[in-house]
Every structure is written in structure tokens, then in C-alpha cells.
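# 3D, please:
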Amino acid sequence: MPMLGLKERDFLTKEFSQKLVNDVKLVVFTQEVPCVYCKETVEVCQEIASVNSKVKVEIYDYVKDQMRAKELRVDKIPAIAVIGAKDYGVRFYGIPSGYEFTSLIGSILDVSKGDSGLSPKSKDLLKTLDRPIHIQVYVTPTCPFCPTAVRLAHRLAIESDFIWADMVESNEFVPLAQKYGVMGVPKTIINERQEIGGVVPEDLLVLHVLNASREQEPLQPR
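Presented below is the predicted three-dimensional model:
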């Protein structure tokens with residue numbers, strides 16, 4: 001049974017034909033042993049790719065292809081790395097269903113352009129980064145506000161080589177959601193220390209990122 005309905009396919013056909021610029025790879029990590037939503041995540045990516053030839057899918061086994069997983073900093077499954085002309089550090093953990101399907105499509109378009117779309121002020125501020133930043137945005141499929149937070153985090157990752165950003169589906173990664181005290185979504189975690197509840201404007205997220213870069217010991221560069 002197709003994961004995408006006729007309306008979704010028609011929408012993607014129009015969006016991709018008008019807005020895709022360069023090729024995009026959806027690098028999916030799955031596993032043969034039981035993995036909730038791995039099969040469905042692969043199917044969603046394959047159906048998205050079937051809409052336009054500029055979108056490709058690569059599938060890896062998380063256990064058998066650990067070298068590739070480590071190379072892309074993938075540490076849980078199901079996972080999708082959205083890669084364009086280069087690896088911008090855009091990641092999705094968990095099936096991008098519900099409102100998060102919108103996040104995936106938006107990130108595919110942004111990665112295809114290779115342009116974050118951030119304001120000139122934000123771009124200038126992010127140029128001052130000198131150490132890696134890891135952003136995690138915890139979401140649920142039924143949260144209408146979550147795609148805004150996810151896409152903004154991914155845009156920061158596109159803009160700066162020091163940033164990588166993850167969407168994490170809270171219901172699929174309950175231990176992580178508990179670790180970070182995710183009681184409501186979206187919730188953003190920056191470098192394991194700074195927490196942001198809800199959706200914040202671009203300039204405020206950039207300031208949080210800059211503050212996090214000053215407050216913590218360096219992480220491994222992307």
C-alpha cells in the first residue's frame with residue numbers, strides 16, 4: 001500500500017518541478033532485526049524519490065554498515081541524512097510522518113538549493129562560530145508547530161559547517177525524550193546543555209547557538 005496519497009504525490013510533483021535545484025540524496029539507515037518504522041521510513045523516502053529524478057535514495061544497514069553510519073554521525077534508527085552538493089548535517093531520526101513530512105520536504109528543497117535562506121545578520125553571526133554545535137529538535141507527528149522549529153534548525157546547519165541538526169521523533173526515542181525532560185514539543189537541545197521550549201524566532205535561536213559555543217568544551221567537528 002502506497003505511503004503517499006494522490007494529493008501528496010500531486011503536491012510533490014509540482015513543488016519539486018518548480019523548486020528543486022540540485023540533486024539530493026536521502027541516505028536511509030535501517031536494520032534487518034525488528035525496528036519500529038524502519039520499513040515505513042524506507043518506503044516514504046522511496047516514494048518521494050519516485051516523484052522526481054533529482055531525489056535519490058541510498059539504503060544502509062545500521063549494523064552491517066557501521067563505518068558509513070559513523071561517517072555520517074548516525075547513532076540511531078530509523079535515520080535519514082539529507083545530503084546535497086555536500087553533507088550539511090541535516091538529519092531526521094524516526095519516521096517523518098504527520099506534520100514532520102512537511103519538515104522533510106522543506107529540508108529537501110533547502111538542501112537542493114544549498115542556501116539557508118537566513119537573514120544577512122544571522123549569516124554574519126554564524127560566521128563567528130569556531131567550534132561544533134549539535135542541535136536536536138524533539139517533535140511528535142501531531143505537533144503543528146514542530147516543522148517550523150525543525151526547518152529553522154536545519155537551515156542553521158546548511159549555513160554553517162560547524163552545525164549539525166537532528167529532528168528526533170519523541171515517541172520513537174522515549175529514553176532520549178526522558179533524558180532531556182521532553183514534556184512538550186517542540187523542544188530544542190543545543191550541545192546537551194541549553195534547552196529551548198517551543199518555537200523561537202531565527203535571531204533568538206542564533207543567539208542561543210552562539211551562547212552554547214562559548215559555554216561548552218569543543219565537540220568533534222563535523
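# so where's this protein shaky on pLDDT?
Counting by pLDDT under 70, the ranges of the chain that qualify are 1-2, 216-222.
# hey, where'd the strands end up in it?
Applying DSSP state E to the chain gives strands spanning 24-30, 55-61, 79-83, 90-93, 133-139, 163-169, 187-190, 194-197.
# can you dump the C-alpha coordinates of the second one into CSV?
Okay, so that is strand 55-61. Provided in CSV are the C-alpha atoms of strand 55-61 (Å, rounded to 0.1, in the frame of the first residue of the first chain):
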residue,chain,number,x,y,z
VAL,A,55,16.0,12.9,-5.5
LYS,A,56,17.9,9.7,-4.9
VAL,A,57,17.8,7.1,-2.1
GLU,A,58,20.6,5.2,-0.6
ILE,A,59,19.8,2.5,1.9
TYR,A,60,22.3,1.1,4.5
ASP,A,61,22.0,-1.4,7.3
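# and the contacts of that strand?
Strand 55-61 is contacted by residues 16, 20, 23-32, 42, 45-46, 48-49, 68-69, 108 when judged by CB atoms under 8 Å, 6 or more residues apart in numbering. (Each C-beta comes from the backbone N, C-alpha and C, glycine too.)
# please indicate which of those residues are buried?
Listed as buried from those are 16, 20, 24-30, 42, 45, 48-49, 68-69, 108; burial here means 16 or more other CB atoms under 10 Å.
# what's the farthest-apart pair in those residues?
The most widely separated members of the buried ones among the contacts of strand 55-61, counting by CB to CB, are 16 and 69 (27.8 Å).
# that older thread, and of the buried ones among the contacts of strand 55-61, the nearest to residue 212?
In terms of CB to CB, no member of the buried ones among the contacts of strand 55-61 lies closer to residue 212 than residue 69, at 25.2 Å.
# name all residues that make contact with the closest one.
By CB under 8 Å, 6+ apart, the neighbours of residue 69 are 29, 60, 62, 75.
# go through the buried ones among the contacts of strand 55-61 and name the one nearest residue 173.
residue 29 (14.0 Å).
# who's the closest one bridged to?
Beta-bridge partners recorded for residue 29 (DSSP bridges): residue 60, residue 79.
# now it: how far from residue 203?
According to CB to CB, to the nearest Å, residue 29 and residue 203 sit 34 Å apart.
# wait, which of the strands of the chain is closest to residue 99?
Relative to residue 99, the nearest member of the strands of the chain by CB to CB is strand 133-139, separated by 7.8 Å.
# dump that closest one to CSV, keeping only the CA atoms.
Only the C-alpha atoms of strand 133-139 are listed here, as CSV (Å, rounded to 0.1, in the frame of the first residue of the first chain):
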residue,chain,number,x,y,z
ILE,A,133,27.3,22.8,17.6
HIS,A,134,24.8,19.9,17.8
ILE,A,135,21.1,20.9,17.7
GLN,A,136,18.4,18.3,18.5
VAL,A,137,14.7,19.2,18.0
TYR,A,138,12.3,16.8,19.7
VAL,A,139,8.9,16.5,17.9
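# give the other helices and strands that that strand contacts.
Contacts defined by 3 or more CB pairs under 8 Å, 6 or more residues apart in numbering; DSSP states H and E place strand 133-139 against helix 146-159, strand 163-169, strand 187-190, helix 202-215.
# what sits against the most centrally placed residue in the chain?
Among the residues of the chain, the one closest to the centroid is residue 91, at 3.4 Å (CA atoms, centre = their mean). By CB under 8 Å, 6+ apart, the contact set of residue 91 is 73, 74, 79, 80, 81, 82, 164, 165, 166, 167.
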